[in-house]
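> Output the structure for:
(chains A and B)
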Amino acid sequence: MLRRSFVFKLLSVLTVVAGSAATRIRAAAQTVRYGMGVQIDKCIGCGRCVEACKEENGVPTEPFYFRTWVERYRIKKDETVVQNIDSRISTDPNPATDGEVLRSFFVPKLCNQCDSPPCVQVCPVGATFTTAEGVTLVDETRCIGCRYCIQACPYGARYLHPVRQVADKCTFCYHRVRQGLLPACVEVCPTQARIFGDLGSNASPLTRFRRMNKIHVLKPQMNTEPKVFYSEMDGEVR
Amino acid sequence: MTSPLYDLLRQITGYIYPNEIEIHWSILVVVYPYLTGLVAGAFILASLVKVFNVREVYSVYRLSLLTALAFLLIAPLPLLLHLSHPLRSYEIFLNPNLKSAMAMFGFVYAWYLMVVLILEIWFTYRRDMIVWAQGEKFPLRWLHRIMALFSRDISAKAVDFDRKAVKGITIIGIPSAFLLHGYVGFIFGSIKANPWWSSVLIPIVFLFSAIVSGIALVLLLYMVITPLRGEKIDMPCVDKISSYLFYAVILDFSLELLDFIHRLYESEESIKILTEMVMNKLFISLGVMQVLLGMLLPLGLLICIKLFRFDAELRKLLYFVSAILIQMGIFATRWNVVMGGQMFSKSLRGLTAYKMELTGVEGLLTAVALLIIPFFILALLIKILPPWDKAAAPASSEPAS
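Model (predicted):
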């Protein structure tokens, strides 16, 4: 009788321990932290990422609303000329001859999915929030349209959706990544300049990217702790 | 339909982030800090009578309180009209994000309106409302009775309590007025992404410019209303108010100058684009309207009045002109803060432009209406609660000691 009771208790304890360990393992497996890497040297400025993003997320086609865009930098001897590759935004009045341009490259931009996001801090009603995976989203049903978040974003990554009249921004294609797909911009990039993955996993291509490159983030002085990482980034990039 | 933003493309200089073409905080967001500034300033002027026992200013004590109330009632309207989803604005009260400066608006506003202003006005007028109701007919009789909350006690003890209560509320009220407008400044000053706004001095500059605009407004109102009532302007009172105005303008000017010098001396990364913006986009509104016409010229006039012995008529004229110029200057200050913070790109490489609508919810006409409505509310308040009723004088004209 005593032996049977002992075995029963032992089994109970083991079940509880095993259950709790399984829960912890499952939780650990679920706690991914998404991030993105951008290899500036690989970007050819084709703009497919911008088109794919607009198509996938219903971003208005006018050149005033972008969840992601690509900047073209031309560093000349005495000035830096930057353009959105959508030439309707700005044009270079003095196109440089080859001799004047010292460096030239493209820089894809998007919401930096900051770990310390000013937009979340300032939203008066909590419509902007960060998910467990570290993605900052906007609850369209709660946003009151005060646009404080647009003012607070140091990267110009937010806009007011002209139809829905709520703040809008890159979501890392949250609806896709939750299904195991890649964000649209990453999927269509012909040179794989964008790398998406879990920041915590050693097997993630993003971790390999961060291991193999010198990494920079945009405006580190803002202390926003971005989760979009750039390799080979020039000092002129803001 | 072609977006009106296409017209702005031609006015962009340099490079701006593509989402920055649209200026999000319109003229209504300029009107909002202007109105709250008038409230805070008018209240602080009223407080001088009760806390610092400045007898000369007694003539405008009640007028200042009513002015503050009239403008405070309208102050949230520009914000509400500016929201894309105004019907969801109640979320700020029900589900505030306690980390957000803007979410505190409801609490700061409610505190100032309910705990400070209405309570002080109630205690100030309680005895008078009871006395008025006794000699009035319906509907004013009932209105005053309801407003007095059916209290009937006008004994010396009760009136003494009223006076003590007013003094207590005023003492709480001064930091509250500072809080109200300092808080509005904090909304801008705490945006670290924006080098034009991000300054610890912004709330303080807002506060002193508020005091300047509030005092100037009450001065203007007093100088317009008194002759309309067929009364003579009380010159010692006007001289005293103008004296306060003079010191407040000097303080405000010094703080703004300090902010300017500090920015220039530090010469941070943003200095080039900010200089370009000030020299091009804000030259008229900042250089001419805010500094030259709105600050230096009235300051010069007020100095002249202090230095030379002008007669009363000329003094009145100069005070009046100074107060109008100051109002224009403070409105320009609000404009330059709000618009200046949005006209340059956070890439620090280019400038955009603001094209104001004439009609429409966020248009010029709405802004003008929001600036005029408080005067109608004030006229109504003056009708219901006459600030100069002689019957009210015995109880409240005693010095607050």
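
> What is the neighbour count of B:V218?
Neighbour count for B:V218, taken as other Cβ atoms under 10 Å in any protein chain shown: 28. Any C-beta I mention is one placed from the backbone N, CA and C, and that applies to glycine too.

> again, but for B:L378
Neighbours of B:L378 under the rule other Cβ under 10 Å: 20.

> likewise the one 10 residues further on?
Look at B:W388: counted by other Cβ under 10 Å, it has 15 neighbours.

> mind listing what the residue in chain A positioned nearest to chain B touches?
Residue nearest to chain B within chain A (Cβ to the nearest Cβ): A:G145, separated by 2.4 Å. A:G145 is in contact with A:160, A:165-167, B:83-85, counting by Cβ atoms under 8 Å, 6 or more residues apart in numbering or on different chains.

> what about 10 Å?
For A:G145, the contact set (Cβ atoms under 10 Å, 6 or more residues apart in numbering or on different chains) comprises A:127, A:160-161, A:164-167, B:24, B:82-86, B:88-89.

> same thing with A:C143?
A:123, A:125-128, A:149, A:160-161, A:164-168, B:83-85, B:88, B:91.

> ok, the nearest residue to B:W197 once chain neighbours are set aside - contacts?
Closest residue to B:W197 apart from its sequence neighbours, by Cβ to Cβ, 6 or more residues apart in numbering or on different chains: B:F188 at 4.3 Å. Applying Cβ under 10 Å, 6+ apart, we find B:F188 in contact with A:151, B:25, B:29, B:33, B:101, B:194, B:196-199, B:202-203, B:206, B:337-338, B:341.

> B:P203 too?
B:P203 makes contact with B:178-179, B:181-190, according to Cβ under 10 Å, 6+ apart.

> Let's have those residues in CSV, adding secondary structure.
Output for the contacts of B:P203, formatted as CSV (DSSP: H, G, I helix; E, B strand; the rest coil):
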residue, secondary structure
B:F178, helix
B:L179, helix
B:H181, helix
B:G182, helix
B:Y183, helix
B:V184, helix
B:G185, helix
B:F186, helix
B:I187, helix
B:F188, helix
B:G189, helix
B:S190, coil
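
> where's the dip in pLDDT among those residues?
Lowest in pLDDT among the contacts of B:P203 is B:H181, which has 83.

> Next, count neighbours for that residue.
Counted with other Cβ under 10 Å, the neighbours of B:H181 add up to 29.

> and what of B:G287?
Residues lying near B:G287 (other Cβ under 10 Å) number 15.

> can I assume it is in contact with B:K281?
No: using Cβ atoms under 10 Å, B:G287 is not in contact with B:K281; the gap is 11.1 Å.

> tell me, what's touching those two both at once?
B:N336.

> where does B:N53 land on pLDDT?
Reading off the model, B:N53 has pLDDT 84.

> Now do the phi/psi pair for it.
With angles defined as degrees, to the nearest 10, B:N53 sits at phi 60, psi 40.

> residues touching B:I211, list them.
Applying Cβ under 10 Å, 6+ apart, the residues near B:I211 are B:37, B:40-45, B:177-178, B:181, B:244-245, B:247-249, B:251-252.

> Separate out the buried members of those.
By neighbour count, with 16 or more other Cβ atoms under 10 Å in any protein chain shown, these hold B:37, B:40-45, B:177-178, B:181, B:244-245, B:248-249, B:251-252 as buried.

> Kindly identify which of those also come near chain A.
Here nothing survives when these are matched to chain A using Cβ under 10 Å from any Cβ of the partner chain.

> I'd assumed B:S345 was in contact with B:I23.
No: the pair B:I23 / B:S345 is not scored as a contact, 11.8 Å apart, by Cβ under 10 Å.

> So between those two, which is more surrounded?
Remark: of B:I23 and B:S345, B:S345 carries more neighbours, 23 against 20, as counted by other Cβ under 10 Å.

> Can you read off the pLDDT for that one?
Looking at B:S345, its pLDDT is 97.

> quick one, what contacts the closest residue to it other than its chain neighbours?
Once flanking residues are discounted, B:S345 sits nearest to B:I16: 3.6 Å by Cβ to Cβ, 6+ apart. Each residue near B:I16 by Cβ under 10 Å, 6+ apart is listed here: A:82, A:84, A:89-90, A:156, B:343-352.

> Look up how far A:E71 lies from B:I16.
For B:I16, the distance to A:E71 equals 11 Å [Cβ to Cβ, to the nearest Å].

> Name the residues contacting each of the two.
Residues touching both B:I16 and A:E71 by Cβ under 10 Å, 6+ apart: A:82, A:84, A:89, B:347, B:349.

> what would these look like in TSV with neighbour count?
Output for the shared contacts of B:I16 and A:E71, formatted as TSV (neighbours: other Cβ atoms under 10 Å in any protein chain shown):
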residue	neighbour count
A:V82	23
A:N84	21
A:I89	22
B:S347	20
B:R349	21
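
> where's the dip in pLDDT among those?
The minimum pLDDT among the shared contacts of B:I16 and A:E71 falls on A:I89, with 50.

> check contacts around residue 77.
Defaulting to chain A. Counting by Cβ under 10 Å, 6+ apart, A:K77 touches A:96, A:99-102.

> that answer is for a different chain, and I need it for chain B
B:28, B:31-32, B:35, B:366, B:369-370, B:373-374.

> per-residue confidence at it?
Note for B:L77: predicted pLDDT of 96.

> I'd assumed it was in a strand, is it?
No: B:L77: not assigned to a strand; according to three-state DSSP it is helix.

> Which residue does chain B have closest to chain A?
Closest point on chain B to chain A, by Cβ to the nearest Cβ, is B:S84, at 2.4 Å.

> Not counting its neighbours along the chain, what's nearest that residue?
Using Cβ to Cβ, 6+ apart, the nearest residue to B:S84 is A:G145, at 2.4 Å.

> The one you found: what secondary structure?
At A:G145, secondary structure determined by three-state DSSP is coil.

> ok, so what distance separates it from A:G180?
The value you get for A:G145 to A:G180, if Cβ to Cβ is used, is 34 Å.

> can you give me the strands in chain A?
Here chain A has its strands, by DSSP state E, at A:34-39, A:68-76, A:80-84, A:101-110, A:128-130, A:136-138, A:159-160, A:167-168, A:194-198, A:215-216, A:228-231.

> Which of these has the highest mean neighbour count?
strand A:167-168 (a mean of 26; mean count of other Cβ atoms under 10 Å in any protein chain shown).

> Direction included, what does that strand pair against?
Here strand A:167-168 is paired, per DSSP bridges, with strand A:159-160 (antiparallel).

> And the contacts of the strand it pairs with?
Strand A:159-160 is contacted from outside by A:59-60, A:64-67, A:143, A:145, A:147, A:149-150, A:153, A:166-169, B:17-22, B:24, B:84, using Cβ under 10 Å, 6+ apart.

> pLDDT (mean, whole number) over that strand?
97.

> do stretch B:118-131 as well
Average pLDDT, stretch B:118-131: 95.

> Tell me the residues on the stretch 201-350 of chain B that lie near chain A, please.
Contact residues, the stretch 201-350 of chain B versus chain A (Cβ under 10 Å from any Cβ): B:269, B:341-342, B:345-350.

> quick revisit: among the contacts of A:G145, which lie within helices?
Counting by DSSP state H, the contacts of A:G145 place B:H82 in helices.

> which one of the contacts of A:G145 sits closest to B:T333?
For those, the residue nearest B:T333 by Cβ to Cβ is B:H82; the value is 19.2 Å.

> The closest one contacts B:G363, doesn't it?
No: in this structure B:H82 lies outside contact range of B:G363 using Cβ under 10 Å: 11.6 Å.
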